[in-house]
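# Predicted model and sequence follow; I will ask about them next.
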Amino acid sequence: MNVNVDHHELVKWVQEVEKLTQPEKVVWCNGSEEEYQTFTQQMLQSGDFLALNQQTHPGCYLHRSSPDDVARTEHLTFVCTHEREDAGPNNNWMSPEDGHNKVDALFAGCMRGRTMYVVPYCMGPLDSPFSRCGVEITDSLYVVVNMKIMTRMGEVALKKILQEKAFVRGLHSTGDLKIENRLIMHFPEELMIKSIGSGYGGNALLGKKCHALRIGSYQARSEGWLAEHMLILGLESPEGEKTYIAAAFPSQCGKTNLAMLIPPESYQGWKIWTVGDDIAWIHPGEDGRLYAINPEAGFFGVAPGTSEKTNPNAMAMLNRDAIFTNVGVTEDQQPWWEGLKSGDPVLNWRGESLSEAPGQPVAHPNSRFTVSAKQCPSYTEEMESPHGVPLSAIIFGGRRPSLIPLVFEAKSWAHGVWVGASVGSETTAAATGQVGVLRRDPMAMKPFCGYNFADYWGHWLEFADKPSQLPKIFHVNWFRQTDAGEFIWPGFGENIRVLEWIVARCRGKVEAKSTPIGYVPHIEDISRVGLKLSQASLEGLLTVDRAGWQKELESTCRYMQTYGDRLPSVFSEIQEEILADLKA
Ligand code: SAT
Ligand code: MN
């Protein structure tokens, strides 16, 4: 590379890592298109990539991961701070000393015979004061090509790093891919990540969850901003009025679909612009509003369930220059996953013929696509805005089959923070472990907050101390079910009906019903035009079940009490108030 990096601490670190891991050679990645093509060819030769049908899907490749390396492994993910309490009950903890020793033992000599790639990257637009850079050292070309799509990678990032002299260090190796030799370690006090034994998603693409959320949230706290697991969208009304919303849902609860929503016929003239589908970095602006940037440059989305019906925008961006991980293939080598209406799959995600593996899913439930954000039809130039977009609303949500209404609005910022902190959701295949059990997932950050949740809630609360025009906070639930287990709310494009109400609330255009848990829409304010949903069903979705909520509150309180003394005291005031109202 042409940039002079002599004597820079980056070079020193690369040399240290080289000494520890003993690669056969070291390659500094420049991030060029040419380099991407070269790496792709190498992966085709090594079998890491399989070419998909280049007529129907030019530039698309399939990667099959090791069969027990298909999701984030949260029990092997650690936050290593000097004080255990700083990591909090929400994280697995190790002391930095133990953490380094344990993981360095696995890194010793792990790249023998392999190539070590040095990947400088920038999270956020290159000219944004809110962007942060990192360097990932990895022995996986799969990681390199994914980082090329997901971040601003290569020479441009290196230039910024040399100017700013600051970067997050991320060391990654696939190791032997054995789960017993897998560790995903974070050292927030040193702005460092060390991950070994996995080549998958959030475990391995270190810019994403490890940097942009775990290390990012830690940095954000000391610097006065927020790093959140949120999509960012712009909703444009037929009159051309744009409103920006950020929304947090746990993995696999439809963030990508909501961020790319196409309005139904009865909402002609409305438009959704996608600023981000997974992560938001949020900064207070001089005008007292909160501004969000998307630190990523691409989408690492869940394939199964993505279809013309659920997400036509995603379908339109997936027929060229995309990487597919752990999906099935049809006879003519097109990618295939559950939910697609057409195509006959012949091989499943492990490459087995379907007759050999009857009754098993064709695509892995956590199979993914990686694609540049610029390929999305709802892409907006605002994704490149250095100052971000001003947020009018923040939405929290989870997967809740019962009780939680379709939508409600928090009564204040502090109440909204409490609502975010009390989010619960059924677990999904995005992480290993049991699927479909309720767990508390505050702000959808349970697996991603790099420090003690109680301190994190305290940090959120501090935003109300400054003169500000903070966004309103809402909670939504698209996942209510009938006793027979069918979803009541149609979801997907129809979710715009709820967004419309949220925007109307933010603009002071509509009244709401005050209930103990927050403001709920009057039934006539959620449009049912063109919707097959009875008045009674909608009423059911907007009802506050007082007895049910008392139980919910007890469970929330029990969870929050596990944070002990550090819990913000305003939380107990809020809980008491809600409880008194529920009993009144
Ligand atoms: O595998 S990732 O953590 O990057 C995706 C997700 O779970 O949201
Ligand atoms: Mn996510």
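In hand now; what should we look at? Ligands and ions are numbered 1, 2, ... in the order given.

# any idea how far I279 lies from A220?
Per C-beta to C-beta, to the nearest Å, I279 is found 12 Å from A220. C-beta here means a position set from N, CA and C on the backbone, and glycine is covered the same way.

# Overlap of the contact sets of the two?
Shared contacts of I279 and A220 (C-beta atoms under 8 Å, 6 or more residues apart in numbering): A227.

# Looking at the two, which is more packed in?
Taking other C-beta atoms under 10 Å, I279 and A220 do not tie; I279 has more neighbours (27 against 23).

# Name the nearest residue to the more buried one, ignoring sequence neighbours.
A212 (4.9 Å; C-beta to C-beta, 6 or more residues apart in numbering).

# List the residues that contact the one you found.
Residues touching A212, when contacts are defined by C-beta under 8 Å, 6+ apart, comprise 123, 227, 279, 281, 295-296.

# Am I right that it is in a helix?
Yes. Under DSSP: H, G, I helix; E, B strand; the rest coil, A212 sits within a helix.

# residues near E33, how many?
Other residues near E33 come to 8 when the count uses other C-beta under 10 Å.

# what does P67 give?
Counted with other C-beta under 10 Å, the neighbours of P67 add up to 11.

# hang on, the earlier thing: so what pLDDT did the residue nearest to I279 get?
In this model, A212 is scored at 99, pLDDT.

# mind checking how far it is from C29?
Using C-beta to C-beta, one gets 19 Å for the distance from A212 to C29.

# Ok, E486 next?
Note on E486: its distance to C29, by C-beta to C-beta, is 48 Å.

# Give me the contact list for stretch 362-370.
For stretch 362-370, contacts defined as C-beta under 8 Å, 6+ apart pick out 70-71, 146, 149-150, 201, 252, 298-304, 306, 314, 318, 322-328, 335-338, 345, 348-349, 354, 428-430, 435.

# Keeping just the C-alphas, turn it into CSV.
Output for stretch 362-370, consisting of C-alpha atoms alone and laid out as CSV, is shown next (Å, rounded to 0.1, in the frame of the first residue of the first chain):
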residue,chain,number,x,y,z
VAL,A,362,-33.2,-26.4,3.6
ALA,A,363,-31.6,-23.1,4.7
HIS,A,364,-30.3,-22.8,8.2
PRO,A,365,-32.7,-20.7,10.3
ASN,A,366,-29.9,-18.1,10.8
SER,A,367,-28.7,-18.2,7.2
ARG,A,368,-27.7,-14.8,5.9
PHE,A,369,-27.1,-12.5,3.0
THR,A,370,-24.4,-9.8,2.8
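
# Now S514: which helix or strand?
Taking DSSP states H and E as the criterion, S514 maps to strand 513-515.

# for the record, mean pLDDT for that strand?
The average of the pLDDT scores along strand 513-515 is 98.

# which element follows it toward the C-terminus?
Downstream of strand 513-515, the first helix or strand assigned by DSSP H and E is strand 518-520.

# packing partners for that next one?
Packing contacts for strand 518-520, counted by 3 or more C-beta pairs under 8 Å, 6 or more residues apart in numbering; DSSP states H and E, involve strand 407-409.

# and the residue in the stretch 351-500 of the chain that ligand 1 sits nearest to, how many neighbours?
Each residue of the stretch 351-500 of the chain has a distance to ligand 1, by C-beta to the nearest ligand atom, and the smallest belongs to A430, at 3.6 Å. Neighbouring residues of A430 were enumerated by other C-beta under 10 Å; the total is 21.
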